[in-house]
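J.: Quick one: sequence plus predicted model below, questions after.
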Amino acid sequence: MESAAISAQPTSDRTLGVCLHCGTAVPEGADFCCSGCEAAHSASEAMSEQFGFAALAHDLGDDEHSLTLGVEGIHCASCIRLIENALAAGEGVSQARVNMSTERMTVRWHGPKERADALASSVTKLGYKLHALTDEAAPQTDQEKRLLRAIAVSGFAAANMMLLSMGLWASTTETMGMATRELMHWISALIAMPTVVYAGQPFFSSALGVLKERHTNMDVPISLAVILATAMSLFETMNKGEHVYFDSAVMLLFFLLIGRYLDARAKGKARTSAVQLLGRLQGFATVEEAGKTVQMPMRDLREGMMVRVAMGENIPADGVVVSGASSADLSLITGETVPESIGEGSEVFAGTLNISAPIRVQVSKASEKSLLSEIVKLMEVAEQGQSQYVRLADAAARLYTPVIHSMGALTFLGWWLIMQAPWQVSLLNAVTVLIITCPCALGLAVPVVQVLASGRLMKRGILLKSGDALEKMAHIDRVVFDKTGTLTLGRPTLISSDHDQKFYELAASMASHSKHPLSVALADSFEGPLVELEVAESQGQGLAAQFDDSELRLGSRKWCGIEGDAEDAALEIWLSVDGAAKERFVFADQLRPDAAEAVASLKDAGLDVELLSGDRKTVARQVAANAGIEEFSAEVSPVQKCDRLKSLQSKGHSVMMAGDGLNDAAAMAFADVSISPASAVDITQNTADVVFQGDELAPIASSYVTARKAMSLVKQNFALAVVYNIVAIPLAIMGHVTPLVAAIAMSGSSLVVILNSFRLNMMRDK
């Protein structure tokens, strides 16, 4: 009978399930609603297995790796300390840094690449969620949606509870009646309890996660305050007491959530620059494969692949144009807004825009090694730099947890034992202290400014390669320029002719071993096969080699043993054979178009300007005069440049060295901060703290002005944070602040610091 009953059931009543990919209802036993969802889900699963955190780690060489990930759930300086300590405890970790404003972490370690998963796990155990930087937008949007839902629930509950509270405030027990008052208390409790449980999740889950690992963060005292206020109110309601603060607990959550939402929005805006850059490496590229074209994710592109780039598309990878002629917007790389013509043999870069015609590009670098990826890494370095202000904020964060809980306990005991106040009032004052004392403003004082400053400079083709470059640049009082490649374009051309072909061949062969602009120009000018030579370079002097038992020298007059000075101011290098002058090569190099204007801008900003050149006095004098520099030195060796910088520093000067970063690397290392013009290819190899693109020197003055403004805002932020705590904490301890006002003040202090930082974006370019 039982079996008959079962078989008699209609087949149309089968239990429905849901599609594992899109959530659509599907028949029992089916996992997907269609083949498309099944394929998409399989691809997603395969990608999850293939791209773990270890796959995102970068190989730095010498068995050293780094990993940068987005972190969801960072709310205060204590969060930063917890994550950094967890990472630092990992095996082989040499550096761990978390940026509060961008919500990203970077860790470096010595050891296998696979260790990335273990390091990431140490963070997720604390309750924080990690994601790849290319997926930043989705977690940010999800977080904001959750906060908005919590705000809606707490706001609706708070509005209704305020109506009940107004009735209680406007009447007395005698006029209302005890039963009515108790009923309104219970109605408030029924509204408040589920609201606190739901709307308090962002705080409770964060607090629970860190407490499981025996740590604390800012959400611990906030959660404690909300729970204590709610528990005390429930206790009073059950015992028919008067001290019921359900409305305060819900309103407290409402304003805290608003503050957290606005904070999340501001942080998202602060990291927009890097997110936009990474967005250019997402999507698909059209790849030629086995005689046909296929769509492939940009992240999967590898060296040697051939891609087609349609008009109006972003170029998907670094490479060389194989066929086609077009124009490209390279402003992302060069800072120049005028499109550049590209054609066969032109080098192009990922993320730049192909404007006017289709082209075919052979990939020269994988996505993770592209120039755009390197620029994003440099931005991370700049944003996470540990200046003295960052170290100060970190120290304050370490003191926060023990100090805040001690102050809360002492406030309760002081009011209860010394002031003889009811325990309910004493507890409410302690709750207020827990809420109002917050290191968020202090923790945000530096990173928000650093992120905004690096993003602002990046849009102008200026990249910070040192985390504390902004701070150091803000304190300089003198700029020392190198000549070749800095004040001048560094692209000289050979203008002399009628050279002895054999000496020309030998000179070009020697020059091919050097990166000095004159050597490069000489080597490029020679058409024909070169001679194999073993060449030694004496920095700042010239080149030496042996050929057929003769000593060859290529370089300055002094290096080649030629006495006397040239009668003209032309750029020159000489070739000598066994000490006898054999050939003079004359070059022309142009001053950068805005050199005089840039020098004038630096002087107007109150900086002293000086030129140190290894060239002859006649050449140095002419360049200095054209650039508007009164103080110059000529025929200065690299060692003498270092000595000059040390002399200036001994007199109390803070010096910025502007050089090409190649033949004056030692002097740039001695300077307090260094800046260098760099081609796209040289960005990652350049040794300067700051590099800039393009043919103009305006970025030097622009970076200095931005650094000064940024450090001014950092100091203002610190002052705002300190003043807030100095004023707010005593008022809370003395009982002059309610929990609701404390919540508004705490959220407001962070927002004031963030909004003050955004004043950096209001600067007008001069």
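T.: Now that the structure is in, tell me what you want to look at. Just so it is clear, the structure is predicted and the values come from calculations on it, not from any experiment.
J.: Tell me how many other residues surround G606.
T.: 9 (other Cβ atoms under 10 Å). The way it works is simple: take the backbone N, C-alpha and C, and place the C-beta from them, glycine included.
J.: Angles on the backbone of the closest residue to it other than its chain neighbours, please.
T.: In space, and not counting its chain neighbours, G606 is closest to D477: 7.5 Å by Cβ to Cβ, 6 or more residues apart in numbering. Main-chain dihedrals, D477, degrees, to the nearest 10: phi -130, psi 0.
J.: Correct me if wrong: D477 contacts Q649.
T.: No - if you go by Cβ atoms under 8 Å, D477 and Q649 don't touch, sitting 10.9 Å apart.
J.: I'd guessed R557 sits against G564; true?
T.: Yes - assessed by Cβ under 8 Å, R557 is found in contact with G564 at 7.5 Å.
J.: who has more neighbours, those two?
T.: Between R557 and G564, counted using other Cβ under 10 Å, R557 has the larger neighbour count: 20 against 6.
J.: quick check: mean pLDDT across the host helix or strand of L164?
T.: In this structure, L164 sits in helix 137-170 according to DSSP states H and E. The average pLDDT for helix 137-170 rounds to 77.
J.: part of a helix, is V639?
T.: Yes - counting by DSSP: H, G, I helix; E, B strand; the rest coil, V639 is part of a helix.
J.: Tell me how far it lies from V691.
T.: Note on V639: its distance to V691, by Cβ to Cβ, to the nearest Å, is 24 Å.
J.: Neighbour count: these two, which is higher?
T.: Ranked by neighbour count (other Cβ under 10 Å), V639 and V691 place V691 first, with 24 against 12.
J.: ok, that one touching I675?
T.: Yes - if you go by Cβ under 8 Å, V691 and I675 touch, sitting 7.3 Å apart.
J.: what sits against W559?
T.: S538, Q541, G542, R553, W574 (Cβ atoms under 8 Å, 6 or more residues apart in numbering).
J.: Quick one: list the elements packing against the helix or strand containing S519.
T.: Taking DSSP H and E as the criterion, S519 maps to helix 517-525. Helix 517-525 sits against strand 493-494, helix 501-511, strand 571-577, strand 580-588, with contacts defined as 3 or more Cβ pairs under 8 Å, 6 or more residues apart in numbering; DSSP states H and E.
J.: average pLDDT for it?
T.: 88.
J.: Just the CA atoms of that helix, as CSV, please.
T.: This file holds the C-alpha atoms of helix 517-525, laid out as CSV (Å, rounded to 0.1, in the frame of the first residue of the first chain):
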residue,chain,number,x,y,z
PRO,A,517,73.4,59.9,-23.8
LEU,A,518,76.4,60.9,-25.9
SER,A,519,77.5,57.3,-26.2
VAL,A,520,74.0,56.2,-27.1
ALA,A,521,73.8,59.0,-29.8
LEU,A,522,77.2,58.0,-31.2
ALA,A,523,76.4,54.3,-31.4
ASP,A,524,72.9,55.0,-33.0
SER,A,525,74.5,57.2,-35.6
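J.: got the buried residues for that helix?
T.: P517, L518, S519, V520, A521, L522, A523, S525 (16 or more other Cβ atoms under 10 Å).
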